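Colleague: here are the coordinates; sequence isn't available:
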């Protein structure tokens, strides 16, 4: 966490155990309203949920096929047989 700006606040917890996260933090890190809550002994660590970027897998496939790629029907038939 080198170079990370640190800020400390004292917060109140309501009767149901809720607290309000700072607005600036929510706007920057919790736009989709999902977080990771980690409990480590007496500490609670709150981190933004970062979903993996799956777009690198779009439009890509790895398969060993013998068909000529210019003949889509034979490629499709062979891929269906692999399943």
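Modeller: It's in. Everything numeric in this text was worked out from a predicted model, so none of it was measured.
Colleague: Identify the residues contacting stretch 67-83?
Modeller: Residues from elsewhere that reach stretch 67-83, judged by Cβ atoms under 8 Å, 6 or more residues apart in numbering: 63, 65-66. Every residue, glycine included, has its C-beta placed from N, CA and C.
Colleague: Looking at those, which is nearest residue 56?
Modeller: residue 63 (17.6 Å; Cβ to Cβ).
Colleague: What part of this structure, helix or strand, is modelled with the least confidence?
Modeller: helix 72-82 (a mean of 84; mean pLDDT, DSSP states H and E).
Colleague: Show me how far that helix is from its chain's centre.
Modeller: 33 Å (Cα atoms, centre = their mean, to the nearest Å).
Colleague: Among the contacts of stretch 67-83, name the ones in helices.
Modeller: The helices, defined by DSSP state H, take in nothing from these.
Colleague: separation between residue 33 and residue 74?
Modeller: Between residue 33 and residue 74 the computed distance is 48 Å (Cβ to Cβ, to the nearest Å).
Colleague: And those two? Which one has more around it.
Modeller: residue 74 (14 against 7; other Cβ atoms under 10 Å).
Colleague: before we move on, the earlier item: is it possible to get TSV of the contacts of stretch 67-83 that adds neighbour count?
Modeller: Putting these into TSV (neighbours: other Cβ atoms under 10 Å) gives the following:
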residue	neighbour count
63	8
65	14
66	7
